Every structure is written in C-alpha cells, then in structure tokens.
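**Q** Give me a model of this one.
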Amino acid sequence: MKRGIQMCPSYCFCEQVAETINHLFLHCKVVRQLWNLFTSFIGISWTVPGRTGQALESWNMEGSGSTDKSRWKIVPAVIWWTIWKERNSRNFDNKSSPLHKIKMNCIITFCYWCSSEYIDDLVAIVDILGSL
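**A** Reported below is the predicted structural model:
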C-alpha cells in the first residue's frame, strides 16, 4: 500500500486489524498457534514479545538449554516463512489453507530445513521435533 499498490487494508488471517509486521509474525491468532505448537513440543511457556527483534532475542535466550541450538534458532524463520507463504497465497492467489494444514506445512518445512530432505515418516518427524 505504501508503494501505491491497491490492497485490502485488513489483515488476511483475522480481518480485525490492519496488517503490520508485528501482528503478522507475532500476535495474530493464527501465528500464535504456530508459536504454541513449537513451545508445546518442549513443554515451555513463552510470552510473545511486542516486536520481531525482541522475539528473536527472547526465543534464543529461551532455547539456551535446547538439545540442538541450531534447530531451535531456525524455528522463528520457519514460522515466519510459513505465515508469509500463506499470506501471499491468500492475497495474490485467492487460496487459503485451514489451520491444521498451515500447522502441518510449518512442521514439514521445519523438518526439511533441519534435514535437507523431504520427510514424510512420522517417526523421523517426531525425532526431529524431539531434538529441540
């Protein structure tokens, strides 16, 4: 919209507020489900900060005791990539995925980024998620 492109001013996931970076990647009810997905795998309670930079710092501090810190550190990028792709699909292709598919896309992307190969074996997925 800043560049003069006609877009709907409401946010494509919850349609309650105008889209901002912080809302898109941190505070929307859909993206919060993705953050909760990963925190539930390791049983932590994480309070989402107000801004994306603070979120990265807080996430990295929270994961200081993680079994595999490199995997822990890519979680925000995986969540943000998943949300960005879904946002673009909704805005430009007029296609939307249900929440369970967004979650699955996020998990599959995480596993792919961790192993550099497509994994569809449930045991392997659980092992990768367990390494957090």
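
**Q** isn't there a helix covering residue 101?
**A** Yes. Read with DSSP: H, G, I helix; E, B strand; the rest coil, residue 101 is one of the residues of a helix.

**Q** What is the neighbour count of it?
**A** Neighbour count for residue 101, taken as other Cβ atoms under 10 Å: 11. C-beta coordinates here come from the backbone N, C-alpha and C atoms, glycine included.

**Q** what are the ranges of the helices in this protein?
**A** For the chain, helices defined by DSSP state H occupy the ranges 21-22, 29-42, 52-62, 69-92, 99-115, 122-130.

**Q** In contact with the residue lying closest to residue 39 once chain neighbours are set aside: list those residues for me.
**A** Of all residues not flanking residue 39 in the chain, residue 46 sits nearest, at 4.9 Å (Cβ to Cβ, 6 or more residues apart in numbering). Residues counted as contacts of residue 46 (Cβ atoms under 8 Å, 6 or more residues apart in numbering) are 35, 39, 58-59, 62.

**Q** do you know which of the helices of the chain lies nearest residue 4?
**A** helix 69-92 (16.0 Å; Cβ to Cβ).

**Q** what sits up against that closest one?
**A** 7-8, 12-13, 24-25, 28, 30-31, 34-35, 38, 55-56, 59-60, 63, 66, 95-97, 102, 105-106, 109-110, 113-114, 128, 131-132.
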